[in-house]
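*Asks:* Kindly generate the corresponding structure for this input.
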Amino acid sequence: MVKIGIIGCGKIAQVRHIPEYLQNERAQIVGFYDRSEQRAQEMVKKYGSKIYHSYEELLEDPEIDGVSVCVANHLHAQVTIDALKQGKHVLCEKPMATTMEDAKKMVAEAQKAGKKLLVGHNQLLTPAHKRAKALIEEGLIGEILSFRTTFGHGGPESWSIDPGPNTWFFKKDAAAMGAIGDLGVHKIYLIQHLIGQKITEVTAKLVTLDKQDASGQPIALDDNALCIYEMERGVVGTMTASWTYYGAEDNSTILYGTKGIMRIYDHPEYSLEVILKAGEKVYYDLESIQTNEQQTKSGVIDEFIESILEDRETVLSGEKALATMGVVFASMESSRTGKTVTVKNE
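*Replies:* Residues are numbered from 1 along each chain as shown. Coordinates of the predicted model:
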C-alpha cells in the first residue's frame, strides 16, 4: 500500500488524481493541502483523511510515501525538490518546471534520494497511442518520414478551478508559459515517444491571438504555438497547440511513413486508422482520448503506484521528460528570436 498526500486541490487533482487514487486498491490518500484551506477542507469532507496547513507539514508526515504535486507551474520545481528531500516519491503535473535548470535539479534530486519522479504526460498511456507505438515498431507504415500533431481546445479559463480571465493559467508569474506548456508538452513528449527519436531543431512562432485578462488586455502568454520540428534522424513535422479552438477539441496525430499513413484520434468513429500505400484501410476501435469534458481513466496514477511498488523504470520518468522541456524552451527561444534553434538537452 502506497500512502499519498495531495498538494494542490484544484481541478486537475479533483477530476484526475484523487478519483484515480481512490480506484487503485494499492493506494491510500492520507491527506490534502491547498493554499485555499476551504478547498482542502472540502476534499476532506468528501473523501475523509486529514488536512495539512502547509505543504511542508504534509511532507514532514512520516506516514506519507508519495505525493501528487498539483500546484501552479511556478511552484512545481520547489515543491517537488522539497518532497524528494523528505524522502517522498513524486508525481508532478506538467510542465515539470518553468526553467531547464529547475527541471534538471528535480531529476538530480530524485536520483540522489533514490525516489521516483514521474511527470503527468498521460497521452503515452492512452489505448490508441499504445497500439500505435506497437504498430510502428512492427513496421506497419514503414519508416516515418513526417508528422503532424495537434492539441487544441477553447482554453483553460472554462476548466480551471477559478474559471474566467483571472485563472492562474493566464498569469505569467504563475504559469510562465501558455498553450505550449499546457498542451504542447503533451504532443512533444508523445511524438518523440512514438517515433523513437529526439527533436533536435526547432522553428517556432508563439502568439497571442485572442485571450484577454481581467482588464481586457491580451494575456502575456501564448494562446497558440505553431512549431516545425526536425528529429535526430531527419524526420520533420509540425506541432500545433492552441487555446482558441472554439468548438470540438482536436487531439490528433498523423504519421506519414514509407508504407502508409497512420491517423490517431482523427477519425470521427475510430481512434486509430491506418491507410496503407496500396489503398487498404485498417480501423482500430479503441477507447476515446480523455478530454476536459469527458474524463476517463488516464492510467498515470496506476503507473505511479506500480513504479513505486515494483521499483521499476517508467515511461513517465522525470529524466525522460527533460527532452520534452528542452524542446519547449527551444520553441520559446525560436519564437522570441525569430531564428531556428538547436535543442539543448544536456
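
*Asks:* and Ser160, what are its phi and psi?
*Replies:* phi -60, psi 150 (degrees, to the nearest 10).

*Asks:* domain assignment for this protein?
*Replies:* For the chain, the structural domains run 2-122, 123-290+317-342, going by automatic domain parsing.

*Asks:* quick one, which of those is nearest to Asp311?
*Replies:* domain 2-122 (8.5 Å; C-beta to C-beta). Backbone N, C-alpha and C define where each C-beta goes, glycine included.

*Asks:* List the contacts of stretch 320-329.
*Replies:* When contacts are defined by C-beta atoms under 8 Å, 6 or more residues apart in numbering, stretch 320-329 is touched by residues 94-97, 99-100, 103-104, 107, 119, 121, 177, 180-181, 184-185, 188-189, 192, 198-199, 202, 229, 343-345.

*Asks:* Can you lay out the domains of the chain as CSV showing mean pLDDT?
*Replies:* CSV is the format used below for the domains of the chain (pLDDT from 0 to 100):
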stretch, mean pLDDT
domain 2-122, 97
domain 123-290+317-342, 95
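
*Asks:* what distance separates stretch 45-62 from the centre of its chain?
*Replies:* Taking the mean of its C-alpha atoms, stretch 45-62 sits 25 Å from the chain's own mean (C-alpha atoms, centre = their mean, to the nearest Å).

*Asks:* try stretch 327-342
*Replies:* Using C-alpha atoms, centre = their mean, the offset of stretch 327-342 from its chain centre is 20 Å.

*Asks:* buried residues in that stretch?
*Replies:* 327-335, 341 (16 or more other C-beta atoms under 10 Å).

*Asks:* For the helix or strand containing His129, list every residue counted as buried.
*Replies:* With secondary structure defined by DSSP states H and E, His129 is part of helix 127-138. Neighbour counts over helix 127-138 (16+ other C-beta under 10 Å) mark 127-129, 132-133, 135-136 as buried.

*Asks:* can you name the two of those residues that are farthest apart?
*Replies:* So, the buried residues of helix 127-138 by C-beta to C-beta: farthest apart are Pro127 and Ile136, at 15.0 Å.
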